[in-house]
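1. Model the following, please.
(one chain, ligands or ions: 2)
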Amino acid sequence: MSNPIPFEAIPHARLPALLRTMPKAELHIHIEGSLEPELIFRLAARNGIALPYPSVEALRAAYAFTDLQSFLDIYYAGASVLIEEADFFDMAWAYFERAAADNVVHAEIFFDPQTHTARGVPMEKVIRGLHHACRRAHQELRISSKLILCFLRHLSEEDAFATLEAALPWREHFIGVGLDSSESGHPPEKFARVFARCRELGFELVAHAGEEGPASYIETALDLLQVRRIDHGVRCTESPALVERLARERVPLTVCPLSNIKLCVFPHMSRHNLPALLSAGLCVTVNSDDPAYFGGYLNQNFLALFEALPELGAREAWQLAANSFEASFVDDTVRADWRLSLDEVFRAAAQPG
Ligand code: HPA
Ligand code: ZN
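-> Residues are numbered from 1 along each chain as shown. Ligands and ions are numbered 1, 2, ... in the order given. Purely as a prediction, here's the structure:
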């Protein structure tokens, strides 16, 4: 065993640089939510699609959300410019370049095929475009990645089954399934049978729960869907028994701080409950969710969080990065290598000078 990291020796002034440079994994990123307004306009021109906004600035000005649904309406409209395999590649490649700049070493990326297949885009174009970007990111940027297919929960379970069926010819290109879109009124149990089928097929399982929906949705995602991670999950604090369970079982929560502020889940970053979740011993991770819409990629999420919450220091920064590796769907040997490089960065930051 190596010596413990001397967190108290790390000067507070070094924290922003440390947050930027520490290696980390991103586990909650909707690739369609990384579509920047500039790329939306470029793809619209390339595909001959008319947009209801006259300019990039006008589109960006429309990004004033009051809740999850007000965001989703504009997010699905933005995704309508994605038609060809190259469009999916370009979108994902742009994300990987941002991720590399943020020292992301591993990304588990959500995609929403129903948003595209409903418009007549073949599943093959979606998955092949994303997969090629993942492959190139590994070769050129040294970022490993996995794809996770998300079912839209405002649609039926029957539609989810048809989507799974359509995606199975490319099953080696995605490791798991998730559940996203409008949460309230669409509880996890609506998808119990399709998740059971995905479990039989050997997929990893995750689900959004407890973002806008109640703590009970987190429990049913765990008990009925048997998910391995909860996306968001911040409303777990409404049930102390659930918080205790999440800590005991080390169920990872993929928390998205800037998203939570933009969608008014918390009134201000200084009121975010992430420090309380960490203190309670939960496996909390930090993620960007839909960075093109919520004001920042992964490092911006870390920086905004730590700036607003002075109780977060070097120890918590290390813990959040270590949690991101713990919660990743990778082999233990890979995880151990990442931990070594994380520890090295923190030991170097504790050196005088
Ligand atoms: N919640 C639910 N669905 C989503 C989100 C989110 O934060 N982002 C993209 N789809
Ligand atoms: Zn999300």
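2. got the residues of the protein near ligand 1?
-> 30, 33, 68, 75, 180-181, 208, 211, 259, 289-290 (C-beta under 6 Å from any ligand atom). Glycine gets a C-beta too; all of them are placed from N, C-alpha and C.
3. Quickly list what the residue of the chain found nearest ligand 1 is bridged to.
-> Closest to ligand 1 within the chain is Asp180: 3.6 Å, counting by C-beta to the nearest ligand atom. Asp180 has these beta-bridge partners by DSSP bridges: Leu152.
4. these two touch, right, it and His154?
-> No - judged on C-beta atoms under 8 Å, Asp180 makes no contact with His154 at a distance of 9.6 Å.
5. between these two, which one's more packed in?
-> Per other C-beta atoms under 10 Å, whichever of Asp180 and His154 has more neighbours is Asp180, with 25 against 16.
6. now the strands: where do they sit in the stretch 101-250 of the chain?
-> With strands called from DSSP state E, counting those that start in this stretch, the stretch 101-250 of the chain shows them at 104-111, 144-152, 176-180, 204-209, 229-232.
7. Those into a markdown table, with extra columns for distance to Met22?
-> Output for these, formatted as a markdown table (distance: least, C-beta to C-beta, whole Å):
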| stretch | distance to Met22 |
| --- | --- |
| strand 104-111 | 10 |
| strand 144-152 | 17 |
| strand 176-180 | 25 |
| strand 204-209 | 24 |
| strand 229-232 | 21 |
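8. Using TSV, please lay out the ones you listed together with mean pLDDT.
-> Shown next, in TSV, are the strands of the stretch 101-250 of the chain (pLDDT from 0 to 100):
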stretch	mean pLDDT
strand 104-111	99
strand 144-152	98
strand 176-180	98
strand 204-209	98
strand 229-232	98
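9. ranking the ones you listed by burial, who's on top?
-> strand 229-232 (a mean of 28; mean count of other C-beta atoms under 10 Å).
10. which strands and helices sit next to that one?
-> Applying 3 or more C-beta pairs under 8 Å, 6 or more residues apart in numbering; DSSP states H and E, we find strand 229-232 packed against strand 24-30, strand 204-209, helix 215-223, strand 253-255.
11. Looking at those, spot the one closest to Ser239.
-> Of all the helices and strands packed on strand 229-232, helix 215-223 sits nearest to Ser239, with 4.2 Å by C-beta to C-beta.
12. can you list contacts of that closest one?
-> Residues outside helix 215-223 that contact it (C-beta atoms under 8 Å, 6 or more residues apart in numbering): 179, 183, 187-189, 207, 209-210, 227, 230, 233, 235-239, 242, 246, 251.
13. ok, now stretch 326-341?
-> Outside stretch 326-341, the residues that touch it by C-beta under 8 Å, 6+ apart are 23, 25, 27, 105-106, 108, 144, 146, 175-176, 204, 228-229, 250, 252, 254, 283, 285, 322, 325.
14. May I see the buried residues of it?
-> Neighbour-count burial for stretch 326-341 flags 326-330, 335, 338 (criterion: 16 or more other C-beta atoms under 10 Å).
15. Just the mean pLDDT for that stretch, thanks.
-> On average, the pLDDT along stretch 326-341 is 98.
16. Can I get it in PDB, CA atoms only?
-> The C-alpha trace of stretch 326-341 is given here as PDB (Å, rounded to 0.1, in the frame of the first residue of the first chain):
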ATOM      1  CA  GLU A 326     -15.300   3.100  -9.600                       C
ATOM      2  CA  ALA A 327     -18.700   3.600 -11.400                       C
ATOM      3  CA  SER A 328     -17.300   2.900 -14.900                       C
ATOM      4  CA  PHE A 329     -18.200  -0.300 -16.800                       C
ATOM      5  CA  VAL A 330     -14.600  -1.400 -17.300                       C
ATOM      6  CA  ASP A 331     -12.300  -4.100 -16.100                       C
ATOM      7  CA  ASP A 332     -10.600  -3.800 -12.700                       C
ATOM      8  CA  THR A 333      -7.100  -3.600 -14.200                       C
ATOM      9  CA  VAL A 334      -8.100  -0.600 -16.300                       C
ATOM     10  CA  ARG A 335      -9.700   1.000 -13.200                       C
ATOM     11  CA  ALA A 336      -6.500   0.400 -11.200                       C
ATOM     12  CA  ASP A 337      -4.300   2.100 -13.800                       C
ATOM     13  CA  TRP A 338      -6.600   5.200 -13.800                       C
ATOM     14  CA  ARG A 339      -6.400   5.300 -10.000                       C
ATOM     15  CA  LEU A 340      -2.600   5.200 -10.100                       C
ATOM     16  CA  SER A 341      -2.500   8.200 -12.500                       C
END
